[in-house]
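Participant: the following comprises the amino acid sequence and a computationally predicted model.
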Amino acid sequence: MLSFIVRRILASILTLLVASFIMYVLTAYSDNPLKDLQASNAPNAQLLIAQRIERLDLDVPPPLRWFGWLAGAAGCLTPFTPCDLGTDLNYAQVTQLLPPAAASTVRLVAASTILAIIFGIITGIVSALRQYSAFDLGMTFVSFFLYSLPSFLAAVLLKEFVAIGFNDWLSSGDSSIGFIPTLVIALVIAVIMQALVAGSRRNRVITFVISGAATFGMLYYLDAVNWFQQPGLGAVGLLLLIGGTVFGVTAVMAGFGNRRALIGAISAGVLAYVSYFVLQGLFDISTVWTIGILGLATLAACFVIGWVIGGNDRAQVVRTTMVVGALSSLLVVADRYLQAWPSYLTNPRINNRPIATVGEQTVGLSGDMWVMGIDTFTHFLLPTISLTLISFAGYTRYARAGLLEVMNQDYIRTARAKGLSERVVITRHAFRNMLIPITTIVAADIGALLGGALITERVFAISGMGALFNVALDRVDVNPVMGYFLVIAITAILFNFIADLSYALLDPRVRVK
């Protein structure tokens with residue numbers, strides 16, 4: 001393993017050297033970095049041209065200039081040495097331009113990647129388990145449609161039909177959904193739910209009626225209490241959601257036959273529900289660090305609960321308890337954000353139009369952590385959805401194909417022959433092996449998402465890595481382009497390296513020699 005890691009590091013360094021040289025030379029020769037000053041009528045234009053040539057070494061051929069850039073960039077990859085990526089055409093240090101731009105892009109790409117993986121794998125698994133059903137055929141159509149949808153078109157459609165439409169609806173003063181839209185939404189949910197259910201036509205009809213009626217009733221109730229203007233889960237809603245989380249997570253991860261896991265999950269749910277009442281006063285004066293500390297304390301408490309009552313299957317009980325505790329705590333935090341929604345909505349800077357279409361934050365808006373958190377969420381909502389749609393289709397298809405292939409293997413038939421339940425067969429045997437090809441897709445998809453972020457950030461006017469790259473490339477500003485390249489290249493190489501190491505963790509048969 002050590003020799004493999006050393007070889008991969010050396011190969012990665014060589015790849016970075018060759019790729020950076022090609023990128024630097026191509027960018028430098030693409031156009032004239034002095035064209036803006038040469039076209040200027042300013043009386044000191046010639047002085048500015050001479051100053052730029054001297055400070056950026058533009059009189060040195062680009063292949064030789066690359067060695068100077070490489071010497072400064074090497075300090076960024078080695079400890080105890082200064083990091084110098086040069087300056088842009090305005091003489092601002094690239095090392096000062098990269099952190100805020102990288103933070104915006106990482107926040108955007110990380111959220112979209114996690115959502116795409118979660119929803120894509122879940123949808124792919126359900127499609128495989130309901131092969132050739134209406135749900136499977138429908139998701140196949142949706143997946144291929146989204147796969148062929150350009151990222152810029154998805155972004156424009158989201159701005160037009162989601163942001164502008166939703167904002168117009170809220171700002172109109174009549175936030176009622178209406179009978180016909182409520183009925184249509186209920187019918188769509190009912191069709192999806194009955195397609196998820198296996199069994200006879202009678203079972204699907206019953207599911208259709210119950211899910212449709214429940215959806216219609218819930219939307220009608222939310223409409224009646226003006227929930228969309230003053231949202232919140234409340235004590236009753238939070239109790240129902242935490243209860244559903246407890247039993248849903250237990251059913252998937254351990255099964256109701258594991259009483260210790262069920263007790264641990266219930267204990268974690270009760271802990272989160274009690275914290276809803278106890279921490280309301282603390283939430284009013286909280287910061288991000290306070291929420292982080294509370295989250296770590298919750299996970300630690302759930303770990304102790306699972307360890308104490310775990311018994312012979314302690315690992316499974318601990319995992320179930322911690323997952324329930326994490327999800328239930330997120331519900332408590334989400335409720336506190338919803339409580340801040342009315343004050344955010346009525347803020348003069350928002351004026352009942354909360355879903356942003358440009359930028360990363362509302363100019364001139366001030367407030368506590370909850371108001372500013374909602375503002376960040378509303379600004380990154382549509383870009384995140386746009387990038388998620390790009391990756392969702394691929395994960396769905398790979399997850400479906402991988403699970404179908406695994407389910408036909410001999411060890412799956414052996415597991416069923418031993419009398420294991422279908423849940424155990426899927427979660428403990430099929431799911432883990434299905435993830436092996438997915439790890440490769442995740443590593444490759446990081447680079448694709450970062451490339452898609454170039455377009456998405458431009459459509460939504462986000463000052464991330466994409467905006468930095470676009471502006472620098474238009475101006476033939478080599479150093480910011482190379483800073484972008486360095487971050488993207490290292491990220492892609494790192495995730496591919498992690499994917500290679502993950503194979504041994506997912507499949508014990510894999511041994512790197």
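Facilitator: Arrived safely, thanks for sending. As the structure is a computational prediction, the values presented were derived from the model and not from experiment. Numbering: from 1, shown residues only.
Participant: give me the most central residue, this structure.
Facilitator: residue 111 (1.9 Å; CA atoms, centre = their mean).
Participant: measure it to residue 290 for me?
Facilitator: Distance from residue 111 to residue 290, counting by CB to CB, to the nearest Å: 22 Å. (Glycine included, C-beta is placed from N, CA and C.)
Participant: buried ones in stretch 221-232?
Facilitator: 223, 227, 228, 231, 232 (16 or more other CB atoms under 10 Å).
Participant: touching stretch 425-441 from outside, list them.
Facilitator: 117, 121, 125, 129, 252-253, 394-395, 398-399, 402-403, 406-407, 409, 411-412, 415-416, 420, 499, 502-503, 506-507 (CB atoms under 8 Å, 6 or more residues apart in numbering).
Participant: before we move on, back to that, spatially, what comes nearest to the residue nearest to the centre of the chain if we skip its sequence neighbours?
Facilitator: The shortest distance from residue 111 to any non-neighbouring residue, by CB to CB, 6 or more residues apart in numbering, is to residue 384 (4.9 Å).
Participant: ok, the one you found - contacts?
Facilitator: Neighbour list for residue 384: 108, 111, 112, 115 [criterion: CB under 8 Å, 6+ apart].
Participant: before we move on, back to that, show the buried residues in the contacts of stretch 425-441.
Facilitator: Applying 16+ other CB under 10 Å to the contacts of stretch 425-441 flags 117, 121, 125, 129, 253, 394-395, 398-399, 402-403, 406-407, 412, 415, 499, 502-503 as buried.
Participant: picking that back up, closest one to residue 85 out of the buried residues of stretch 221-232, please.
Facilitator: residue 231 (45.0 Å; CB to CB).
Participant: from residue 374, how far off is that closest one?
Facilitator: 11 Å.
Participant: intersection of neighbour lists for those two?
Facilitator: residue 341.
Participant: from what I can see residue 87 touches residue 96, true?
Facilitator: No: using CB atoms under 8 Å, residue 87 makes no contact with residue 96, being 9.4 Å away.
Participant: the two: who's more crowded?
Facilitator: Per other CB atoms under 10 Å, whichever of residue 87 and residue 96 has more neighbours is residue 87, with 18 against 11.
Participant: what sits against the more buried one?
Facilitator: 55, 56, 93, 94, 479.
Participant: tell me where the model's unsure across the protein.
Facilitator: The model of the chain has pLDDT under 70 over residues 1, 173-175, 198-199, 448-452, 504, 506-513.
Participant: and the longest helix for it?
Facilitator: In the chain, with assignment by DSSP state H, the single longest helix is helix 369-407.
Participant: pull out the buried residues from that one.
Facilitator: So helix 369-407, judged by 16+ other CB under 10 Å, has buried residues 369-375, 377-400, 402-404, 406-407.
Participant: ok, back up a step: need the buried residues of stretch 221-232 in TSV with distance to residue 64 and secondary structure, can you?
Facilitator: Shown next, in TSV, are those (distance: CB to CB, whole Å; DSSP: H, G, I helix; E, B strand; the rest coil):
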residue	distance to residue 64	secondary structure
223	69	helix
227	65	coil
228	62	coil
231	61	coil
232	64	coil
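Participant: could you dump these to JSON lines with distance to residue 258?
Facilitator: Shown next, in JSON lines, are the buried residues of stretch 221-232 (distance: CB to CB, whole Å):
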{"residue": "223", "distance to residue 258": "40"}
{"residue": "227", "distance to residue 258": "37"}
{"residue": "228", "distance to residue 258": "40"}
{"residue": "231", "distance to residue 258": "36"}
{"residue": "232", "distance to residue 258": "34"}
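Participant: between the residues you listed, which is closest to residue 72?
Facilitator: When these are compared against residue 72 (criterion: CB to CB), the nearest one is residue 231, at 50.6 Å.
Participant: quick check: residue 288 vs residue 343, distance?
Facilitator: Applying CB to CB to residue 288 and residue 343 gives a distance of 19 Å.
Participant: between these two, who's got more neighbours?
Facilitator: Neighbours around residue 288 and residue 343, counted as other CB under 10 Å, are more numerous at residue 343. The numbers are 14 against 10.
Participant: contact partners of the helix or strand containing the more buried one?
Facilitator: Taking DSSP states H and E as the definition, residue 343 sits inside helix 341-345. Identification of contacts with helix 341-345 by CB under 8 Å, 6+ apart yields 170, 229, 230, 231, 350, 352, 354, 367, 371, 374, 375.
Participant: flag every buried residue along it.
Facilitator: Quick answer for helix 341-345 (16+ other CB under 10 Å): 341, 344, 345.
Participant: wait, residue 207 touches residue 193, no?
Facilitator: Yes: under the criterion of CB under 8 Å, residue 207 makes contact with residue 193 at 5.5 Å.
Participant: can you give the distance of the helix or strand containing residue 499 from its chain's centre?
Facilitator: Residue 499 is located in helix 478-506, with elements delineated by DSSP H and E. A distance of 17 Å separates the centroid of the chain from that of helix 478-506, by CA atoms, centre = their mean, to the nearest Å.
Participant: enumerate the positions of it that are buried.
Facilitator: 478-489, 491-493, 495-497, 499-500, 502-503.
Participant: kindly report the same for stretch 86-96.
Facilitator: Buried residues in stretch 86-96 (16+ other CB under 10 Å): 86, 87, 88, 89, 94, 95.
Participant: gap between the two ends of that stretch?
Facilitator: Start-to-end span of stretch 86-96 (CA to CA, to the nearest Å) is 10 Å.
Participant: of the contacts of residue 384, closest to residue 462?
Facilitator: Of these, the one sitting nearest to residue 462 (CB to CB) turns out to be residue 108, at 7.0 Å.
Participant: then that closest one would be within a helix, right?
Facilitator: Yes: assigned with DSSP: H, G, I helix; E, B strand; the rest coil, residue 108 falls within a helix.
Participant: residue 463 is in contact with that one, correct?
Facilitator: No: here residue 108 does not reach residue 463: they are 11.3 Å apart, not a contact under CB under 8 Å.
Participant: I'd like to know how many residues surround the closest residue in space to residue 355 that isn't next to it in sequence.
Facilitator: If the residues on either side of it in the chain are set aside, residue 355 comes closest to residue 163, at 4.3 Å by CB to CB, 6+ apart. Neighbourhood size, residue 163 [other CB under 10 Å]: 20.
Participant: can you name the residues that contact residue 163?
Facilitator: Residue 163 touches 355, 356, 357, 382, counting by CB under 8 Å, 6+ apart.
Participant: ok so the second one is a strand residue?
Facilitator: If I follow you right, that is residue 356. No: going by three-state DSSP, the assignment for residue 356 is coil, not a strand.
Participant: pretty sure it contacts residue 374?
Facilitator: No: judged on CB under 8 Å, residue 356 makes no contact with residue 374 at a distance of 10.8 Å.
Participant: still on that earlier bit, from the buried residues of stretch 86-96, which land in helices?
Facilitator: 94, 95.
Participant: tabulate the buried residues of stretch 86-96 (CSV), appending distance to residue 264.
Facilitator: Shown next, in CSV, are the buried residues of stretch 86-96 (distance: CB to CB, whole Å):
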residue, distance to residue 264
86, 55
87, 56
88, 55
89, 59
94, 50
95, 47
